[in-house]
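Student: build me a structure from this.
(2 chains)
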2 protein chains.
Amino acid sequence: MTAAADALDLPAAMAEAAREVEAAIDRLIPEVRLPEARLADAMRHGTLNGGKRLRPFLVLRSADLFGVHPDCALHVAVATELVHCYSLVHDDLPAMDDADTRRGRPSVHKAFDEAAAILAGDALLTLAFEVLAGPQTHEDPHVRCRLVADLARAAGPHGMVGGQMLDLIAETTTLDLGEITRLQRLKTGAMIAFACEAGATLGKADQPHRHALAAYAHDLGLAFQIVDDLLDAEGEAGVAGKPVGRDAERGKATFVSLLGIERARDQARMLADQAARHLDIFGPRAELLRAVARFVVDRKA
Amino acid sequence: MTAAADALDLPAAMAEAAREVEAAIDRLIPEVRLPEARLADAMRHGTLNGGKRLRPFLVLRSADLFGVHPDCALHVAVATELVHCYSLVHDDLPAMDDADTRRGRPSVHKAFDEAAAILAGDALLTLAFEVLAGPQTHEDPHVRCRLVADLARAAGPHGMVGGQMLDLIAETTTLDLGEITRLQRLKTGAMIAFACEAGATLGKADQPHRHALAAYAHDLGLAFQIVDDLLDAEGEAGVAGKPVGRDAERGKATFVSLLGIERARDQARMLADQAARHLDIFGPRAELLRAVARFVVDRKA
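Tutor: Model prediction:
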C-alpha cells in the first residue's frame, strides 16, 4: 500500500486494497463439509467477483489517517464489503431488481438458484458481524461494539435496507428531488458513511477529525449515486457489467430524470470537490481519499 | 415472572415472557417516516404474531440462574427472537419452503410481497446485532462482543443458515439418520444452544454451569426437532397454524420417516428426560427449564 500511496496512484492503491480484501474474504468464507459447500460456493460467487471494493478502500484509507494497524482495518474493511455484497445478492433477486448479471457474470440466483442466493446473502450479512465482534478487529471491545452497532444502523431499516424499500416504492411512486436525495442517503450513503467513519472509530479520533470524515462521506456518497444514475442513463452494459437503461425503462425518478444529464454531472462534480475540501484538516495524508472523490465522478462502471 | 416461576406454572411463565418480549420488539421496531412504514409494518407482521417465544424464554430463564438483571436478559432475548423470526420470514418465501401461512396468518410475503419479505428479514437480522451491541445489553463490552460473535456463529453458515441449505438439499437427496441429525443440529439446534448459553455468558458462568446448559440445549434442540417432524406428520393445520404433511408430500427424509412415529416419539421423550437431568447442577432453581423439556415433547403446535 505504501509505495502506491506515496505515488498517489489511486488505481494501483485500489487494486492492491482489493486484492487484500479478496484474499481475506477468501480465507474467511468457510470451506464447509459437503453438501453445504453449495452455500460457501454461492457466498464466494457473490463476493469474489472483481468488484471495485470502494467501501473497504475507504475503511483502509480512513483508518490509515489515524495510524490504525492495517490488520485491524482489514477486518473492518472485510465486514463492510460482506454487507455490501450481501445487499447486491439480495437486490439482484427476481422479486427485487431482477438482474441476471452483476459485474459481467451471472448474478448469484442465476449461477445457483433463488434459495441459494437468499441464504448466501443472509450468511454474508451474519458473517460480517462475526468478523467485527472478533478480538482481531480491535483490542478494545468498546470499539468493536461501537463498530457492530454503527454497521447495523448503517445497514438496517434506518439505513441501507430502508433505502432499498424506498427504492422499490420509487418504481410505482413519483419522488421529488428531496425524496430521491433521502432515498440515496439511506440506500448508498449510510454504508459509505460507515466506511469512512470506521477509520475514525478504530483510531479513536477526536470530534473535528470524525466530523471531517463524516462530511466527506456525505458528499461523496451523493456524488457516487448521481454518477450511478448517469451510468445507468448513458452507460454501455458491457462496460458497466450489469444491465443499463433500466431506470428510464421503468419510468423511475432518478437524479438524471429530475435534473437532466448536464446538471446531474455538474452536481456530481461540485459534490466531489466539496468532499475533497472537507479533508483539509488532514493535510497531504488524505490525498488518496481526495483522489477517490475524483475517481467516483470520472468512473465508467 | 417471579410469581409464575414460584408456582412452576410453565404456560403462565412462558406467556408472561412472551408478552415482555413482544412489548420490547414493539418498542424497538422503528416507526419510520412514510413510505418506509411498509418496511416497519412487514417487520412487525413477521415478529408480533403470537409465537411461543421459546428461544427468548430460554434466554430469560438461563440468565435468571446466574442472577443476571432481567433488563439485560430481555435485550438478548429480543435479539434471539428477531433472528428466529427473520429466519421464518425468509424460510416461508416461495423460493424456499413456499408457505402461505405462519401461525394461522398470511406469511409476510403473502401479506405484503416478496421484496418486502426479503427486506424485512434482512432488517430483523441486522437489528438483532444492533440490539446486542448496545450498552443496555451488558455493562461489560467483552460480554456484548462475545454475544454478537456467538449469535453470528449460531445463525450463520456453520449454524442455522447452513442447516437451511442442507434442508433444501434434503428435498432432492436422501439423507440418513446421521445426516438428518446433523442438519437439525445446525438448523434449529444452534440457535437453541445460543439461547441457553447466552444466560451463562451474561452471568459470566463457570465452565461446569455453562457445560450443563450446553448439554441441556443439545438434547432439547434435538427433541424439539423430532416433535416438529411428528407434528408435521400427524398434525392438523388448524392447530399448527401452518401447513402440515408437507415433508411426506415432498418425500423428504425426517426423523419420522426414518424412525417411524412410535420410535421417534420415544426418542424425543428420552432426549427430553436426558435434557432435564443435565440441569441437576442447578437444583430446584432450574425447574422451569426442566418443565420446558417436558413442554417441548408434549406441545401440539
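Student: what ranges does the stretch 51-200 of chain A have for its helices?
Tutor: Remark: helices assigned in the stretch 51-200 of chain A by DSSP state H, counting those that start in this stretch are A:54-64, A:70-91, A:108-111, A:114-133, A:141-155, A:160-170, A:177-184, A:190-202.
Student: a markdown table please, covering those and showing distance to chain B and mean neighbour count.
Tutor: Any C-beta I mention is one placed from the backbone N, CA and C, and that applies to glycine too. Converted to a markdown table, these look like this (distance: least, CB to the nearest CB, whole Å; neighbours: other CB atoms under 10 Å in any protein chain shown):
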| stretch | distance to chain B | mean neighbour count |
| --- | --- | --- |
| helix A:54-64 | 16 | 26 |
| helix A:70-91 | 6 | 24 |
| helix A:108-111 | 8 | 22 |
| helix A:114-133 | 3 | 28 |
| helix A:141-155 | 4 | 24 |
| helix A:160-170 | 4 | 25 |
| helix A:177-184 | 9 | 18 |
| helix A:190-202 | 11 | 26 |
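Student: next, format those as TSV and append distance to B:Asp64.
Tutor: TSV is the format used below for the helices of the stretch 51-200 of chain A (distance: least, CB to CB, whole Å):
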stretch	distance to B:Asp64
helix A:54-64	40
helix A:70-91	33
helix A:108-111	43
helix A:114-133	25
helix A:141-155	24
helix A:160-170	34
helix A:177-184	44
helix A:190-202	34
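Student: quick one: low-confidence parts of the stretch 1-150 of chain A?
Tutor: A:1-7, A:31-35 (pLDDT under 70).
Student: can you tell me the closest non-neighbouring residue to the residue nearest to the spatial centre of chain A?
Tutor: Most central in chain A under CA atoms, centre = their mean is A:Arg55, positioned 4.2 Å from the mean C-alpha point. Using CB to CB, 6 or more residues apart in numbering or on different chains and skipping the chain neighbours, the partner closest in space to A:Arg55 is A:Ala195 (4.3 Å).
Student: from chain B, how far off is A:Arg105?
Tutor: Separation of A:Arg105 from chain B (CB to the nearest CB, to the nearest Å) stands at 20 Å.
Student: for that residue, grab the count of nearby residues.
Tutor: 14 (other CB atoms under 10 Å in any protein chain shown).
Student: who's it bridged to?
Tutor: Counting by DSSP bridges, A:Arg105 is bridged to A:Arg102.
Student: please verify my assumption that it contacts A:Ala111.
Tutor: Yes: the criterion here is CB atoms under 8 Å, and A:Arg105 meets it with A:Ala111 at 7.3 Å.
Student: quick one: common contacting residues for the two?
Tutor: Residues touching both A:Arg105 and A:Ala111 (CB atoms under 8 Å, 6 or more residues apart in numbering or on different chains) are A:His45.
Student: where along the stretch 201-301 of chain A do the helices fall?
Tutor: A:207-234, A:237-240, A:246-249, A:255-259, A:261-277, A:287-298.
Student: for the ones you listed, which has the smallest mean pLDDT value?
Tutor: Note on those: helix A:237-240 shows the lowest mean pLDDT, a mean of 56.
Student: against B:Asp26, how distant is the closest residue to A:Phe282 other than its chain neighbours?
Tutor: Leaving out its chain neighbours, the residue that sits closest to A:Phe282 by CB to CB, 6+ apart is A:Leu65, at 5.6 Å. Applying CB to CB, to the nearest Å, the value for A:Leu65 to B:Asp26 is 42 Å.
Student: ditto for A:Arg294
Tutor: 47 Å.
Student: which of the helices of the stretch 201-301 of chain A sits closest to B:Ala12?
Tutor: Closest to B:Ala12 of those, according to CB to CB: helix A:207-234, at 49.5 Å.
Student: check which residues of that closest one are buried.
Tutor: Neighbour counts over helix A:207-234 (16 or more other CB atoms under 10 Å in any protein chain shown) mark A:209-210, A:212-213, A:215-233 as buried.
Student: go on, stretch A:292-301?
Tutor: Residues of stretch A:292-301 classed as buried by neighbour count (16+ other CB under 10 Å): A:Val292, A:Ala293, A:Arg294, A:Phe295, A:Val296, A:Val297.
Student: cool, and stretch A:265-285?
Tutor: Using 16+ other CB under 10 Å as the test for burial, stretch A:265-285 gives A:Arg265, A:Gln267, A:Ala268, A:Arg269, A:Leu271, A:Ala272, A:Gln274, A:Ala275, A:Ala276, A:His278, A:Leu279, A:Phe282.
Student: try stretch A:8-19
Tutor: Applying a neighbour-count criterion of 16+ other CB under 10 Å, one finds A:Leu10, A:Ala13, A:Met14, A:Glu16, A:Ala17, A:Ala18 buried in stretch A:8-19.
Student: ok, and the closest non-adjacent residue to the third one?
Tutor: Which is A:Met14. A:Phe57 (5.4 Å).
Student: do the fifth one as well
Tutor: Closest residue to A:Ala17 in three dimensions, ignoring its sequence neighbours and counting by CB to CB, 6+ apart: A:Phe57, at 4.7 Å.
Student: can you tell me how far the one you found sits from A:Ala195?
Tutor: Plainly put, A:Phe57 is 8 Å away from A:Ala195 if you go by CB to CB.
Student: same deal with A:Asp113?
Tutor: Noted for A:Asp113: a distance of 31 Å to A:Ala195, by CB to CB.
Student: ok, A:Ala233 next?
Tutor: Distance from A:Ala233 to A:Ala195, by CB to CB: 26 Å.
Student: again with A:Gly178
Tutor: In terms of CB to CB, A:Gly178 sits 25 Å off from A:Ala195.
Student: kindly report the same for A:Leu124.
Tutor: Remark: distance between A:Leu124 and A:Ala195 (CB to CB) = 16 Å.
Student: ditto for A:Ala115
Tutor: Relative to A:Ala195, A:Ala115 is positioned 30 Å away (criterion: CB to CB).
Student: ok, A:Val76 next?
Tutor: Taken as CB to CB, the span from A:Val76 to A:Ala195 is 8 Å.
Student: equivalent analysis for A:Thr181, please.
Tutor: When distance is defined by CB to CB, A:Thr181 is 20 Å away from A:Ala195.
Student: hang on, the earlier thing: check contacts around the residue nearest to A:Arg55.
Tutor: By CB under 8 Å, 6+ apart, the residues touching A:Ala195 are A:Arg55, A:Pro56, A:Leu58, A:Val59, A:Ser62, A:Thr80, A:Ala217.
Student: ok, now how distant is it from A:Leu213?
Tutor: A:Ala195 is 10 Å from A:Leu213, by CB to CB.
Student: identify the contacts common to these two.
Tutor: Residues touching both A:Ala195 and A:Leu213 (CB under 8 Å, 6+ apart) are A:Ser62.
Student: return the residues in contact with A:Leu82.
Tutor: Going by CB under 8 Å, 6+ apart, A:Leu82 touches A:Ile25, A:Thr47, A:Leu124, A:Leu125, A:Leu127, A:Ala128, A:Val131.
Student: how about the third one: what's its closest non-neighbour residue?
Tutor: Think A:Leu124. A:Leu124 sits nearest to A:Tyr86 (CB to CB, 6+ apart), 3.9 Å away.
Student: just checking, the one you found touches A:Leu119?
Tutor: No: A:Tyr86 is not in contact with A:Leu119 according to CB under 8 Å; the separation is 10.8 Å.
Student: stretch A:248-268 spans what distance, first to last residue?
Tutor: End-to-end distance of stretch A:248-268 (CA to CA, to the nearest Å): 19 Å.
Student: can you give me the buried ones in it?
Tutor: Of all the residues in stretch A:248-268, those buried under the rule 16+ other CB under 10 Å are A:Lys252, A:Ala253, A:Thr254, A:Phe255, A:Val256, A:Ser257, A:Leu258, A:Leu259, A:Ala264, A:Arg265, A:Gln267, A:Ala268.
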